[in-house]
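Q: mind looking at a prediction? Sequence and model below.
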Protein chains: 2
Amino acid sequence: MYRIGLDVSGGDYAPSEIIKGAILAKKDFGEDITLIGIKDEIEKELVRCGASTESFNIVNAREKIEMAEAPAVSVRRKRDSSIVRGVNLLKGKKIDAFVSCGNTGAVVCASTLILRLIEGVERPGIALMIPTKKDISLIVDVGANIGPKPLHLLQYAAMASAYYEIVLNKKNPTVGLLNIGEESSKGSEFVRRVHKLFSSAPMNFIGNLEAKDIFSGKCDCIVCDGFIGNIALKVTESCADFIGKSIISTMKESFIGKIGLFLSQNSLKKFKKKIDYAEYGGALLLGVDGIVIIGHGRSSSLAVKNAIKVAIEELSRGLNSEIKRRVNEVCQDSRVRQVFTT
Amino acid sequence: MYRIGLDVSGGDYAPSEIIKGAILAKKDFGEDITLIGIKDEIEKELVRCGASTESFNIVNAREKIEMAEAPAVSVRRKRDSSIVRGVNLLKGKKIDAFVSCGNTGAVVCASTLILRLIEGVERPGIALMIPTKKDISLIVDVGANIGPKPLHLLQYAAMASAYYEIVLNKKNPTVGLLNIGEESSKGSEFVRRVHKLFSSAPMNFIGNLEAKDIFSGKCDCIVCDGFIGNIALKVTESCADFIGKSIISTMKESFIGKIGLFLSQNSLKKFKKKIDYAEYGGALLLGVDGIVIIGHGRSSSLAVKNAIKVAIEELSRGLNSEIKRRVNEVCQDSRVRQVFTT
């Protein structure tokens, strides 16, 4: 049985949706779940949901790091916050994985400082699973590292490949570099250097991926710097929200449109489920020496449950030892080293 | 009467959709239109569309710059291409504006080399009009300058403000800087420097704009570097395409969904019109000393007509003299100069 720690104070709908998610996860997966947050609040919420307080471990963490707080400062000052307590429990091997839907920057910062990085890894990266026309793609980094070096992106590619291969069960997954054109000559100087590095590395690099193909399923792992990745991710959310709301308001303008909308409800729900981040269970913090999953700030109970599921999958497959092996294989490759020395 | 030059050889559906667009524009706006491309092809297409060859001027340009060709090389080598000929006609004052749906890089390159820049402007930028929840936002730069300096972004802000104010008729339009967070401390070092510069400049700067708010209509002019802007734009297209196709295929899976889809057709068409780039008439090449409009590669005849409309509006409002005034006002502002010297 795995021991999963859950940050109950983080997320826009905390603590209620987080606790509901824990109850769902307990029912479906039966693992040992530790709820980390304000004890009174947790107990009250469990009772309200009709769940037994005995089914969960509770760790009292009296401080909250708010969503807008500066990560480094809050992690340093709020030692009794759910995030810092959770990461410390993981460090102390009291839990096997930590899941938080709280302040992303604070989770990254606390994890990096307390857990440290997997041997050989230089920077952590946030990877997100996105639905595509074919299946699922993993995009990394979506915001952990906004001023990366080419080596960091190489390591992200290696880590994402490891995840895709051992957790998502696909041999030799493809890697693409997010760029403004397909040709190797395209893009900024930084991206062109990364392209050269990727071309020399022992991985299934298929070249640049244009942003217009991000949802095409053309490649399994999409690599980019954290600034670009964050913008791409947020633009996607904004665009999906805009399109969804605009379609519905346009339909409501006419009587026939209203009937059409009524009859389309089930299909639209099914579609929403397909693209809902809640189904994909949050982002993976790759590279830290421990299993940490970062849920979306707006996580519903379903999203929380699925984030816990992702943590269990990573644990059962031994993700981090594979990451360590891959990163070191790629970084010590003679052709890669040659690119660095030229 | 304005004299508009139209590149007939550029675009995925050239020459037929381009010529159809010219015919629509001629009918609606009655300006003097010069078709630039392979003369035989143009005449044949005009006849096929039942239009008189007398209604248009035709300039024979025997070469084509393909969509995937390297811009600088093709512009240097293909002097008799529709793009180089068109820009030269504009330079020689044989036409008042040039519209092309061809290779964007080549249009930017030819325009910059041949027309040169407006006095005071350091780099051209591509601005795109996007629909939002409220109205229209202008996003600049979406790909002309992928390694800009902070000063270039300041000039983009000034040029976009000029466009928004005098062409779109809104006094003192708001300017936002695309970033991964709202606070001035957020983002890369580059973006933080730009934020400081924008804060000191005489314009209506409202601070950072998160990518999740790109379609919110929160600000009129959205400024970013060309790499980010291009990625954001292409991700949007990809996302919209993915959502559209997925909704339709999900609806077709059930009988009721199919009826719903049938009844929703008119509303969906109306919605498509609202978000269709064809309605917005292409991108503006800001900063070059002449009016140049870059249509989308996949432009339909409607998009071509609307690109011509945008050119006419820019001409009638005297956009470039206002750009010159603004750019110089902003760059010579004492507070802005102080930021540069510290």
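A: Right, received. Where do you want to start?

Q: lowest-confidence helix or strand of chain A?
A: None of the helices or strands of chain A scores lower by mean pLDDT, DSSP states H and E than helix A:255-275, at a mean of 73.

Q: any part of that helix near chain B?
A: Yes: using C-beta under 8 Å from any C-beta of the partner chain, helix A:255-275 reaches chain B at A:256-257, A:259-268, A:270-271, A:274-275. C-betas here are computed from N, CA, C, even on glycine.

Q: show the buried residues in the residues you listed.
A: Among those, the ones that count as buried by 16 or more other C-beta atoms under 10 Å in any protein chain shown are A:257, A:260, A:261, A:263, A:264, A:267, A:268, A:270, A:271, A:275.

Q: possible to save these as JSON lines with distance to residue A:204?
A: Output for these, formatted as JSON lines (distance: C-beta to C-beta, whole Å):
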{"residue": "A:257", "distance to residue A:204": "46"}
{"residue": "A:260", "distance to residue A:204": "44"}
{"residue": "A:261", "distance to residue A:204": "44"}
{"residue": "A:263", "distance to residue A:204": "44"}
{"residue": "A:264", "distance to residue A:204": "40"}
{"residue": "A:267", "distance to residue A:204": "36"}
{"residue": "A:268", "distance to residue A:204": "36"}
{"residue": "A:270", "distance to residue A:204": "33"}
{"residue": "A:271", "distance to residue A:204": "31"}
{"residue": "A:275", "distance to residue A:204": "26"}
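
Q: how is chain A divided into domains?
A: Per automatic domain parsing, the domain ranges recorded for chain A read A:3-115, A:125-276+A:326-341.

Q: quick one: secondary structure of residue A:76?
A: Three-state assignment for residue A:76 (DSSP: H, G, I helix; E, B strand; the rest coil): helix.

Q: contacting residues for it?
A: The contact partners of residue A:76, by C-beta atoms under 8 Å, 6 or more residues apart in numbering or on different chains, come to none.

Q: out of the domains of chain A, nearest to residue B:183?
A: Closest to residue B:183 of the domains of chain A is domain A:3-115 (C-beta to C-beta; 7.9 Å).

Q: any idea how far stretch A:331-342 is from the chain center?
A: Mean C-alpha position of stretch A:331-342 versus that of the full chain (C-alpha atoms, centre = their mean, to the nearest Å) differs by 30 Å.

Q: which positions in it come out as buried?
A: Quick answer for stretch A:331-342 (16+ other C-beta under 10 Å): A:331, A:333, A:336, A:339.

Q: so, low pLDDT: which residues of chain A?
A: Within chain A, the stretches with pLDDT under 70 are A:271-281.

Q: so where do the strands sit in the stretch 101-250 of chain A?
A: Under the criterion DSSP state E, counting those that start in this stretch, the stretch 101-250 of chain A carries strands at the ranges A:125-131, A:136-140, A:174-179, A:204-210, A:221-223.

Q: in JSON lines: those strands, plus distance to residue A:61 and mean neighbour count.
A: Below are the strands of the stretch 101-250 of chain A laid out as JSON lines (distance: least, C-beta to C-beta, whole Å; neighbours: other C-beta atoms under 10 Å in any protein chain shown):
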{"stretch": "strand A:125-131", "distance to residue A:61": "23", "mean neighbour count": "24"}
{"stretch": "strand A:136-140", "distance to residue A:61": "29", "mean neighbour count": "24"}
{"stretch": "strand A:174-179", "distance to residue A:61": "37", "mean neighbour count": "25"}
{"stretch": "strand A:204-210", "distance to residue A:61": "41", "mean neighbour count": "20"}
{"stretch": "strand A:221-223", "distance to residue A:61": "35", "mean neighbour count": "29"}
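
Q: and these: which comes nearest residue A:90?
A: Across the strands of the stretch 101-250 of chain A, closest to residue A:90 is strand A:125-131 (C-beta to C-beta), at 17.1 Å.

Q: by contact count, what packs against the closest one?
A: Here strand A:125-131 touches strand A:136-140, helix A:150-166, helix A:226-251, strand A:283-286, going by 3 or more C-beta pairs under 8 Å, 6 or more residues apart in numbering or on different chains; DSSP states H and E.

Q: from residue A:192, how far out is the most centrally placed residue in chain A?
A: Computing the C-alpha centroid of chain A and ranking residues by C-alpha atoms, centre = their mean puts residue A:283 first, at 0.8 Å. The spacing between residue A:283 and residue A:192, counted by C-beta to C-beta, to the nearest Å, is 28 Å.

Q: what's the burial count for residue A:52?
A: 10 (other C-beta atoms under 10 Å in any protein chain shown).

Q: OK, contacts around it?
A: residue A:46.

Q: next one: residue A:94
A: Counted by C-beta under 8 Å, 6+ apart, residue A:94 has contacts A:3, A:5, A:34.

Q: is it located within a strand, as I assumed?
A: No: counting by three-state DSSP, residue A:94 falls outside a strand, being coil.

Q: and it, its phi and psi?
A: Torsion angles at residue A:94 (phi, psi; degrees, to the nearest 10) stand at phi -80, psi -20.

Q: could you do the one 5 residues further on as well?
A: Dihedral pair for residue A:99: phi -120, psi 130, per degrees, to the nearest 10.

Q: touching, it and residue A:306? I think so.
A: No: using C-beta atoms under 8 Å, residue A:99 is not in contact with residue A:306, being 10.1 Å away.

Q: which of the two has more neighbours?
A: residue A:99 (32 against 25).

Q: OK, contacts around that one?
A: Residues counted as contacts of residue A:99 (C-beta under 8 Å, 6+ apart) are A:4, A:5, A:6, A:7, A:282, A:292, A:293, A:295, A:304, A:307, A:308, A:311.

Q: and the fourth one, how far is that from residue A:125?
A: Per C-beta to C-beta, residue A:7 is found 20 Å from residue A:125.

Q: kindly confirm my reading that residue A:6 is in a strand.
A: Yes: assessed with three-state DSSP, residue A:6 lies in a strand.

Q: on that earlier part again, next, format the domains of chain A as JSON lines and append distance to residue B:247.
A: Below are those laid out as JSON lines (distance: least, C-beta to C-beta, whole Å):
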{"stretch": "domain A:3-115", "distance to residue B:247": "26"}
{"stretch": "domain A:125-276+A:326-341", "distance to residue B:247": "5"}
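
Q: just say helix, strand or coil for residue A:65.
A: coil.

Q: pretty sure it is touching residue A:10, no?
A: Yes: assessed by C-beta under 8 Å, residue A:65 is found in contact with residue A:10 at 7.2 Å.

Q: for these two, indicate the residue with more neighbours.
A: residue A:10 (31 against 28).

Q: which non-adjacent residue is nearest the more buried one?
A: Of all residues not flanking residue A:10 in the chain, residue A:102 sits nearest, at 2.0 Å (C-beta to C-beta, 6 or more residues apart in numbering or on different chains).

Q: returning to that earlier point: what touches both of residue A:99 and residue A:306?
A: With C-beta under 8 Å, 6+ apart, residue A:99 and residue A:306 have common neighbours residue A:282.
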